[in-house]
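Asker: kindly generate the corresponding structure for this input.
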Amino acid sequence: MNWIFVYICIFFIVPHTGMLQAETIRVCKKCEASTIKEGILKAAPYDTVLVQKGTYKEVDIRIDKPLVLKGENYPLIDGEFKGEIITIVSDDVTIDGLFIINVGTSYTKDYAAVRVTRSENFLLQNLVLEKLFFGIYLEKSNNGRIYHNNILGDAEEEYNSGNGIQLWYSNNIEIEHNTISRVRDGIYLEFANNCTIRNNKSVNNIRYGLHFMFSNNDVYSNNTFENNGAGVAVMFSKEITMHNNVFQDNWGTASYGMLLKEINDSEIIGNTFKDNTVGINIEGSNRVTYKGNDFIGNGWAIKSRGACYTNLFLENNFLFNSFDLSYNSRLNDNKFENNYWSNYAGYDLDKDGIGDIPYRPVKLFSYVVNNTPEAIILLRSLFVDIIDFSEKVSPVFTPDNLVDQFPKMKPFAHDRN
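Answerer: Next up is the predicted model:
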């Protein structure tokens with residue numbers, strides 16, 4: 001029995017003694033390490049490098065061992081526009097509480113304030129990143145968390161700007177409570193699966209607040225996407241869960257709250273689309289559930305551009321949009337049921353809260369505007385009312401089976417808490 005105890009000590013306790021004896025290496029002008037690079041060089045695995053208040057003009061800081069790099073009262077790291085500032089190439093790294101500015105710009109290299117490469121189990125939190133090209137860039141790194149960071153760029157054009165948070169071939173990442181603005185895409189995912197994006201605010205970005213490409217089984221919830229070139233683009237992905245987000249004030253000639261392109265088997269539940277040129281622009285997306293969403297004051301609540309099948313629209317509020325639904329095909333197997341439409345003019349004689357006559361959300365004038373955009377100047381004219389009425393009586397250009405058979409008489413009181 002005593003020999004068994006000895007073997008346990010050898011194989012399970014001894015390898016971890018280094019972690020139990022972790023030390024703190026202080027960095028300041030008069031400390032044992034005067035630069036961050038020197039502090040990392042002196043540190044043993046699982047030590048903490050504590051950077052005291054001050055300005056550190058350093059670039060190409062490389063973390064190649066497990067450790068904690070922590071700032072005290074937000075020390076400033078100034079890259080002087082010379083290139084990438086911090087690169088992580090080790091598992092089990094935490095970076096916490098740094099103010100990083102002046103990332104280099106390049107048309108051949110994606111310089112970042114913080115890059116994580118082929119690493120696992122990392123934490124990036126409480127960072128302030130300004131005057132950047134890319135903010136946080138993950139490549140082939142998994143099982144990490146990006147938490148409570150403030151990322152502020154100064155982007156003016158797409159061609160010479162980078163993204164706030166970028167994931168490339170990186171899985172199982174949590175992105176929470178970040179504020180991102182004035183970059184190209186606030187958050188960009190490419191080949192990034194099983195990621196969670198919640199409670200972030202992505203505003204005033206040049207292109208998208210959030211952008212998915214070829215990424216599956218991701219969840220984004222309780223985020224705000226406001227005043228971006230477009231709110232969110234979800235493209236060539238499947239099984240995406242989109243809950244309780246706000247898409248607001250995304251205005252422009254080619255702008256929308258959300259773009260769906262080649263998306264399958266997903267759900268869009270409990271979101272608010274308010275004051276966007278287009279609430280949701282849909283193309284080639286199938287088996288998507290739209291439930292409990294509010295579409296308020298948009299130019300178009302939903303634009304369906306074709307090849308969209310077996311989708312369900314249930315218990316949504318369509319409130320005071322110029323067009324509730326634009327549809328460019330005469331074929332339809334999508335289902336609209338129990339939605340509230342502020343333009344519905346029916347009645348409810350049996351007082352069950354459901355309109356007694358079906359509602360046709362596709363107006364002929366929306367078909368006209370799709371083909372001749374200049375016709376929008378006639379939107380409030382009597383002519384439009386006449387042609388919409390004639391199409392409702394005898395559908396010719398719009399799908400005759402695209403109806404909500406059970407329109408609600410009162411809007412849903414959706415609980416957004």
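Asker: every contact and neighbour count from this point should use C-alpha atoms.
Answerer: Will do.
Asker: surely residue 153 and residue 181 touch.
Answerer: Yes - if you go by C-alpha atoms under 8 Å, residue 153 and residue 181 touch, sitting 6.4 Å apart.
Asker: intersection of neighbour lists for those two?
Answerer: Counting by C-alpha atoms under 8 Å, 6 or more residues apart in numbering, the residues touching both residue 153 and residue 181 are residue 164.
Asker: how about the closest residue to residue 229 other than its chain neighbours, what does it touch?
Answerer: If the residues on either side of it in the chain are set aside, residue 229 comes closest to residue 207, at 4.5 Å by C-alpha to C-alpha, 6 or more residues apart in numbering. Contacts for residue 207 (C-alpha under 8 Å, 6+ apart) come out as 158, 184, 185, 228, 229, 230.
Asker: identify the residues contacting the fifth one.
Answerer: Taking C-alpha under 8 Å, 6+ apart as the criterion, residue 229 is in contact with 204, 205, 206, 207, 208, 209, 250, 251, 252, 255.
Asker: burial measure for the third one, as a count.
Answerer: Going back to what we said before, that points to residue 206. 24 (other C-alpha atoms under 10 Å).
Asker: leaving out sequence neighbours, find the closest residue to it.
Answerer: residue 184 (4.8 Å).
Asker: need the phi and psi values for that neighbour.
Answerer: In terms of degrees, to the nearest 10, the main-chain angles of residue 184 are phi -70, psi -70.
Asker: so it is in contact with residue 210, correct?
Answerer: No - between residue 184 and residue 210 there is no contact under C-alpha under 8 Å: 10.0 Å.
Asker: okay, now the unreliable bits of the stretch 251-400 of the chain?
Answerer: 330, 364-399 (pLDDT under 70).
Asker: show me where the chain has its helices.
Answerer: Using DSSP state H, the helices of the chain run over residues 2-8, 17-20, 36-42, 364-371, 382-393.
Asker: let me see the contact set for the most centrally placed residue in the chain.
Answerer: Nearest residue to the geometric centre of the chain (C-alpha atoms, centre = their mean): residue 210, 3.3 Å. By C-alpha under 8 Å, 6+ apart, the contact list for residue 210 reads 185, 186, 187, 188, 202, 225, 231, 232, 233.
Asker: and the third one, what's its pLDDT?
Answerer: Spelled out, it's residue 187. Confidence at residue 187, expressed as pLDDT, is 98.
Asker: what's the neighbour count on it?
Answerer: By other C-alpha under 10 Å, the residues close to residue 187 number 24.
Asker: ditto for the second one
Answerer: In terms of burial, residue 186 registers 35 neighbours under the definition other C-alpha under 10 Å.
Asker: quote the end-to-end distance of stretch 29-38.
Answerer: 12 Å (C-alpha to C-alpha, to the nearest Å).
Asker: buried stuff in stretch 134-145?
Answerer: For stretch 134-145, a neighbour-count test (16 or more other C-alpha atoms under 10 Å) marks 134, 135, 136, 137, 138, 139, 140, 141, 142, 143, 144, 145 as buried.
Asker: then stretch 45-56?
Answerer: Residues 45, 46, 47, 48, 49, 50, 51, 52, 54, 55, 56 are the ones in stretch 45-56 that count as buried (16+ other C-alpha under 10 Å).
Asker: got a list of what the nearest residue to the first one once chain neighbours are set aside touches?
Answerer: Nearest-residue entry for residue 45: residue 66, 5.1 Å, with adjacent residues in sequence omitted and distances by C-alpha to C-alpha, 6+ apart. When contacts are counted by C-alpha under 8 Å, 6+ apart, residue 66 is found next to 45, 46, 47, 90, 91, 92, 93.
Asker: same deal with residue 258?
Answerer: Contact analysis of residue 258 by C-alpha under 8 Å, 6+ apart lists 230, 231, 232, 233, 234, 247, 278, 279, 280, 281.
Asker: across the sheet, point out what pairs with it.
Answerer: For residue 258, the beta-bridge partners are residue 232, residue 280 (DSSP bridges).
Asker: same question for residue 77.
Answerer: Counting by DSSP bridges, residue 77 forms beta bridges with residue 56, residue 100.
Asker: just to revisit the earlier point, just flag the most distant two among the buried residues of stretch 134-145.
Answerer: Largest separation among those by C-alpha to C-alpha: 134 and 143, giving 20.7 Å.
Asker: thinking again about what came up before, single out whichever of the contacts of residue 229 has the smallest pLDDT.
Answerer: Among those, pLDDT bottoms out at residue 252, giving 78.
Asker: my read: that one touches residue 298, true?
Answerer: No - if you go by C-alpha under 8 Å, residue 252 and residue 298 don't touch, sitting 11.9 Å apart.
Asker: what sits in contact with each of these two?
Answerer: Shared contacts of residue 252 and residue 298, defined by C-alpha under 8 Å, 6+ apart, comprise residue 277.
Asker: quick one, which of these two is more surrounded?
Answerer: Taking other C-alpha under 10 Å, residue 252 and residue 298 do not tie; residue 298 has more neighbours (28 against 14).
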